[in-house]
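>>> no sequence for this one, just the structure:
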């Protein structure tokens, strides 16, 4: 029988009790993202940092670290936005130490998924990174002798119950290992009243916890990554993806503007199918032979997704996410979203909240188990949508790391969903990536002949979507795969890419790019979508924004400055444009005031004010 849960109001008392119970040898598991018990983790770190006799090893993922804006312009623009979205969130002490240059010798941190791009140039974080499928991470935690898990929890009303809320993912698997005698770890909770209480598999009785930290002194606002504007590039990809999702199907999407683009397109398809079809027609070649879906949703879709993102809540509100499986419209393993998402869940009646079922990561990311046949039946018409960084002409995909081995983020569950797409009878894996990107020395193609790192190998190639279309690669010959990838590549790189394939003998010498694909340019895409953008069909923030109206106007202006900064010639031209006389564009005065540049002082402020003027004059 479990010992009674110890109730505490001070994080240091919890840390002291943990250290005493574990004889100073602490192997701490912290949930990824939102679910970390920050005050407990920081108290353990503080004790270990001042007492080298204590050994502290932390195994976690996705440590949320507020970004540090670089330039004066970024600081002034992002400062108030970060305060509204991340303000009050207690930064984790181990992450602060890593950013300062290193951890004490008796403290180690292993992560299997990094905050995207945050630790790219940090040797310690790169060397301590563990490459792992999300579904395998609990094994590695147990193998390392994890003896305590510290998790943020929600407290129920009435009869005392707690919910793992945002992070059922690995904790449920670790508790199962404990119940089966494969681990003797202890679970420690920290109550946060802003965390939505999620009923279902993550509900636990008090006796499941060894200790519980609960006090107004350790309450904090939940971090909410701000919504990003949806570009025309992402909208084009989003409409292509939305046309591939059948009514009655199953969906998985990720966080950020790509997920918002897909959700907005699906909602437009449901509410205004003729308009959706018109936008899709503008984006597809006349001889397009793919099976496209443009009708409204009658049965609706069900979500089996690693991450419960805010886009799913928008789909639910719009009546698209409505196909129920055992009473739930969504099964997910964790969530992380803007702050209004948490508030919406908290305000939702408990019986409605139960439609969004939080469960272990193995359930959503895998098919095997005692209920294998049921999972297969429930996940009919599945479309697993994931983001990529690089794709090769032969269909391999790189999503988590660079060619030199440095990790940008992590593989997470991407491989699992690709494997599911091939295991399920009518499922597809859809990889999205912009066809090109702005690099320091000009534009680069995101479609390459070859690349020195692979996340998804070419034998698992399926569908690749860029802003220029859909490349259906499953079961195709190499020559066909290359031709289809060229059709969705940026036209500026067609000749080089085709030449490399021909030189390798993988593409016929007489192959020619189609007339439609020859128009694969940013300007061409903007022209195709211009009528729909002007009509308001493609709003920058389809689901609202934490930004004020002035900040929303400023965001694309600052993006133009950032893009120009990659070239000395371009940035100089933008600065000269800011000197040109003429009538001030609408919104310029308010933008300069918001950035504190209405009356610039010193050379730096005058230069930035000039760049802002130039960017406003060059939309």
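Arrived safely. Everything quoted here is computed from the prediction, not taken from an experiment.
>>> does residue 224 sit in a helix, a strand or a coil?
Three-state assignment for residue 224 (DSSP: H, G, I helix; E, B strand; the rest coil): coil.
>>> now it, nearest residue through space, not along the chain?
Nearest in space to residue 224, with sequence neighbours left out and distances taken as CB to CB, 6 or more residues apart in numbering, is residue 339 at 3.4 Å. To be clear about C-beta, it is placed using only N, CA and C from the backbone, and glycine gets the same treatment.
>>> where's that neighbour relative to residue 358, distance?
Distance from residue 339 to residue 358, counting by CB to CB, to the nearest Å: 18 Å.
>>> the more surrounded of those two?
residue 358 (29 against 18; other CB atoms under 10 Å).
>>> any figure for the gap between the more buried one and residue 168?
In terms of CB to CB, residue 358 sits 4 Å off from residue 168.
>>> overlap in contacts of those two?
198, 201-202, 333-334 (CB atoms under 8 Å, 6 or more residues apart in numbering).
>>> where's residue 18 relative to residue 12, distance?
Distance, residue 18 to residue 12, by CB to CB: 11 Å.
>>> list the buried residues in stretch 590-604.
591-592, 594-595, 597, 600 (16 or more other CB atoms under 10 Å).
>>> what's whatever helix or strand residue 139 lives in packed up against?
Taking DSSP states H and E as the definition, residue 139 sits inside helix 137-143. For helix 137-143, the elements it packs on are helix 171-179, judged by 3 or more CB pairs under 8 Å, 6 or more residues apart in numbering; DSSP states H and E.
>>> can you redo the buried residues of stretch 590-604 as CSV with distance to residue 69, secondary structure and pLDDT?
Formatted as CSV, the buried residues of stretch 590-604 follow (distance: CB to CB, whole Å; DSSP: H, G, I helix; E, B strand; the rest coil; pLDDT from 0 to 100):
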residue, distance to residue 69, secondary structure, pLDDT
591, 17, helix, 91
592, 18, helix, 93
594, 15, helix, 94
595, 12, coil, 94
597, 15, coil, 93
600, 19, coil, 91
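>>> which of the residues you listed lies closest to residue 130?
Distance to residue 130 across those (CB to CB) is lowest for residue 595, with 41.4 Å.
>>> surely the closest one and residue 75 touch.
No - using CB atoms under 8 Å, residue 595 is not in contact with residue 75; the gap is 9.8 Å.
>>> re the thing from before, look at residue 18 and residue 12 and report which has more neighbours.
residue 18 (23 against 15).
>>> so the more buried one, which of the three states?
Put simply, residue 18 is helix when judged by three-state DSSP.
>>> next up, the contacts around it.
26, 40, 44, 148, 186, 188, 211.
>>> let's see if you can find the most crowded of those.
Most neighbours among the contacts of residue 18, by other CB under 10 Å: residue 44, with 29 neighbours.
>>> show me what contacts that residue?
Neighbouring residues of residue 44 by CB under 8 Å, 6+ apart: 15, 18-19, 26, 28, 56, 150.
>>> which of those residues sit farthest apart?
19 and 150 (12.5 Å).
>>> compare neighbour counts for those two and give me the winner.
Using other CB under 10 Å as the criterion, residue 19 and residue 150 rank with residue 150 on top: 31 against 22.
>>> can you pull the contacts of the more buried one?
Listed by CB under 8 Å, 6+ apart, the contact partners of residue 150 are 28-30, 36-37, 40-41, 44, 188-190.
>>> what's the nearest residue to the residue positioned nearest the centre of the chain if we skip its chain neighbours?
Nearest residue to the geometric centre of the chain (CA atoms, centre = their mean): residue 255, 3.5 Å. Spatial nearest neighbour of residue 255, chain neighbours left out: residue 309 (4.9 Å); criterion: CB to CB, 6+ apart.
>>> distance check, that neighbour against residue 33.
Distance, residue 309 to residue 33, by CB to CB: 12 Å.
>>> so what sits against both of these two?
residue 336.
>>> make a ChimeraX selection of the buried ones in the shared contacts of residue 358 and residue 168.
This is how ChimeraX selects the buried members of the shared contacts of residue 358 and residue 168, with burial counted by 16+ other CB under 10 Å:
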select :198,201,202,333,334
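>>> farthest pair in the shared contacts of residue 358 and residue 168?
The widest separation within those (CB to CB) is 12.8 Å, between 201 and 334.
>>> what touches both of these two?
Taking CB under 8 Å, 6+ apart as the contact definition, residue 201 and residue 334 share the neighbouring residues 168, 358.
>>> show me the strands in the stretch 351-500 of the chain, by range?
356-358, 382-387, 390-392, 397-398, 428-432, 436-439, 442-445, 447-448, 463-466, 469-472 (DSSP state E, counting those that start in this stretch).
>>> redo those strands as CSV? Include distance to residue 500 and mean pLDDT.
What follows is these, written out as CSV (distance: least, CB to CB, whole Å; pLDDT from 0 to 100):
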stretch, distance to residue 500, mean pLDDT
strand 356-358, 46, 98
strand 382-387, 25, 98
strand 390-392, 10, 98
strand 397-398, 17, 98
strand 428-432, 21, 98
strand 436-439, 16, 88
strand 442-445, 11, 90
strand 447-448, 9, 98
strand 463-466, 18, 98
strand 469-472, 17, 98
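>>> switch these over to JSON lines; also include distance to residue 494.
As requested, those are exported to JSON lines (distance: least, CB to CB, whole Å):
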{"stretch": "strand 356-358", "distance to residue 494": "44"}
{"stretch": "strand 382-387", "distance to residue 494": "23"}
{"stretch": "strand 390-392", "distance to residue 494": "15"}
{"stretch": "strand 397-398", "distance to residue 494": "20"}
{"stretch": "strand 428-432", "distance to residue 494": "20"}
{"stretch": "strand 436-439", "distance to residue 494": "11"}
{"stretch": "strand 442-445", "distance to residue 494": "9"}
{"stretch": "strand 447-448", "distance to residue 494": "10"}
{"stretch": "strand 463-466", "distance to residue 494": "13"}
{"stretch": "strand 469-472", "distance to residue 494": "14"}
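>>> and residue 414, which of the ones you listed is closest to it?
Nearest to residue 414 among the strands of the stretch 351-500 of the chain is strand 382-387; the distance by CB to CB comes to 4.9 Å.
>>> what pairs with that closest one, parallel or antiparallel?
strand 250-252 (parallel), strand 428-432 (parallel) (DSSP bridges).
>>> mind checking these for the one nearest to residue 381?
Proximity to residue 381 (CB to CB) singles out strand 250-252 among these, at 6.0 Å.
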